[in-house]
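Participant: Sequence and predicted structure below; questions after.
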Amino acid sequence: MANNAGAEKKGFGLPFWIMLIFYLVIIVFPFIWILITSFKQTGEIYGNNPFSIIPDNPTMQHYADVILEKGIMRAIGNSLIVSGVTTIYIVIVATFAAYAISRFDFRGKNLLLGIVLAVSMFPQMIVIGPIYNLFIDLGWTNSYWITLPYSSITLPMAVWILVTHFNQIPLALEESARIDGASAFQTLYKIVFPLAAPGVFTVAIITFITAWNEFVLAITINSNSEYHTVPVAISFLRTQFEILWGQVAAATILVTIPTLVIVLLFQRQIVNGLTQGGVKE
């Protein structure tokens, strides 16, 4: 017992901390390098000393170019609209769907969950053709209707996370609410939904980030630059013969700020939402 207590007090050994620091350097280094590159002049990026950590002549020109000439702020606005709308309706639809799957007993429930999981595994290239043809027929290309097909990549994950959270909530609470005269919707809204808030919050954050980073559907359906989201806008920072790496780095820093702020502010809620739904009581 004494040996075990001594081992617990020691904590992690030196090899663990070395591996942890090495892992963090690998993860963080690309972001740091992009930040450094965004302040380098084009000649430094391609010059004799492209791997210098400190720019010889720091410049904000790349930021000015992407903001004033390349329309990156319009792309950020489009991404905020698309990601925000997608998050709202996915949370609503996933909440009702997951609650029905969790609470109602019906034949084929496990099969339905399996189908939901299978849909999330479909490669985007399989579904993008039919979606594009449908949007052409409806006249919905180059519009914010792109939020609808985003459900194919966000809704299955949202349903799965919320089902696990609803399963953790005791049925006795809902039965008590019904005895007190609450309707099914009141029970969901006033009893179940607040208790499942960590899961709902996690779904909202993950859905927002997924929609923010989506590229294939956005570039296929919305070819007009007026509706480009940030991944698509960044992909067009090039000329006929070269990629404008300075502008790409500056734009990457700008568009990473919103999602970075969200993750840093709500990281505890995200972790709680994911772990609470994975514990079986």
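Facilitator: Ah, there it is.

Participant: any idea which element the residue positioned nearest the centre of the chain lies in?
Facilitator: In the chain, the C-alpha nearest the mean C-alpha coordinate belongs to Ile209, at 2.1 Å (CA atoms, centre = their mean). Per DSSP states H and E, Ile209 falls inside helix 197-213.

Participant: can you give me how far the very next helix or strand once past that helix is from the chain middle?
Facilitator: Scanning forward in sequence from helix 197-213 by DSSP H and E, the next helix or strand is helix 216-221. With CA atoms, centre = their mean, to the nearest Å as the basis, the distance from the averaged C-alpha position of helix 216-221 to the chain average is 17 Å.

Participant: ok, now stretch 217-233?
Facilitator: The chain centroid and the centroid of stretch 217-233 are separated by 17 Å under CA atoms, centre = their mean.

Participant: tell me the average confidence for that stretch?
Facilitator: Stretch 217-233 comes out with an average pLDDT of 92.

Participant: Over to stretch 131-140?
Facilitator: So the average pLDDT for stretch 131-140 ends up being 93.

Participant: Output the below-cut-off pLDDT ranges for the stretch 151-281 of the chain.
Facilitator: Confidence mapping of the stretch 151-281 of the chain against pLDDT under 70 gives the ranges 267, 269-281.

Participant: on that earlier part again, what packs against the helix holding Ile209?
Facilitator: Based on contacts counted as 3 or more CB pairs under 8 Å, 6 or more residues apart in numbering; DSSP states H and E, the elements that helix 197-213 packs against are helix 72-103, helix 151-167, helix 245-276. C-beta coordinates here come from the backbone N, C-alpha and C atoms, glycine included.

Participant: Check which residues of it are buried.
Facilitator: Neighbour counts over helix 197-213 (16 or more other CB atoms under 10 Å) mark 198-212 as buried.
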